[in-house]
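>>> kindly return the folded structure for what I paste below:
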Amino acid sequence: MRKTNIVPWTAEWEISYQNEAEILRDILNDELIDIYHIGSTSVKSIGFAKPIIDILIVVNNIELIDQYNVKLGLLGYEPRGENGISGRRYFPKGKENRTHHVHIFQVGNENIKTHLDFKAYLIEHPSVAKSYGDLKIKLAVQFPDNTKEYQLGKEQFVNELVRKVKNWSSKRTSY
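Numbers count the residues shown, from 1 in each chain. Modelled structure (predicted):
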């Protein structure tokens, strides 16, 4: 079972994202529309995160992404298909010591906006981001050997935050 490892935010995460994004751009070039650093490692004001870089990739045709499974696998990415989210292709890297999670969606998928709005909200609301980081620390201490319980502990906070983000986002014009 994976450990719940929460560490202080570091600028190294942005460098790791940039390096990996360049590699992924080269592989997915024919389908790629855009690529983003998302998740807690992309928001400094959260303060703490699991040291796993979440990458959101937007592509022309999600059905064609399965053709890249072997190439991505050679880089250590494990193809997991939709993995519980319809219209997504999910690729974790690093087995028990994960380093990256790649989430691929077809252009127009509502999850793209949800992820980007969530990040933007936390950047614009640093006190909320800090509360999220504090919760992560508390849960990591409570569940150091159980990532599933750690995730369940965050669920209510995140779900409520997603509702706030959707309301906030509906009042915004654009990025």
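>>> same question for stretch 121-138, mean pLDDT?
Averaging pLDDT along stretch 121-138 gives 97.
>>> what does the pLDDT read for the residue nearest the centre of the chain?
For the chain, the residue sitting closest to the mean C-alpha position, by CA atoms, centre = their mean, is D54 at 3.3 Å. Note on D54: pLDDT of 98.
>>> for it, phi and psi?
phi -90, psi 130 (degrees, to the nearest 10).
>>> equivalent analysis for Y36, please.
Dihedral angles (degrees, to the nearest 10) for Y36: phi -140, psi 150.
>>> and it, how many neighbours?
By the criterion of other CB atoms under 10 Å, Y36 has 18 neighbours. Any C-beta I mention is one placed from the backbone N, CA and C, and that applies to glycine too.
>>> ok, and the closest non-adjacent residue to it?
Spatial nearest neighbour of Y36, excluding adjacent residues (CB to CB, 6 or more residues apart in numbering): L56 at 4.4 Å.
>>> is the one you found in a helix, a strand, or coil?
strand (DSSP: H, G, I helix; E, B strand; the rest coil).
>>> how close does it sit to P8?
Distance, L56 to P8, using CB to CB, to the nearest Å: 23 Å.
>>> was I right about the residue nearest to Y36 contacting T114?
No: using CB atoms under 8 Å, L56 makes no contact with T114, being 10.1 Å away.
>>> residues contacting the residue nearest to Y36?
L56 is in contact with 35-38, 103-105, 112, 115-116, counting by CB atoms under 8 Å, 6 or more residues apart in numbering.
>>> what comes up buried for the strand or helix carrying Q151?
Q151 is part of helix 147-170, with elements assigned from DSSP states H and E. Across helix 147-170, burial judged by 16 or more other CB atoms under 10 Å covers 147, 150, 153, 161, 165.
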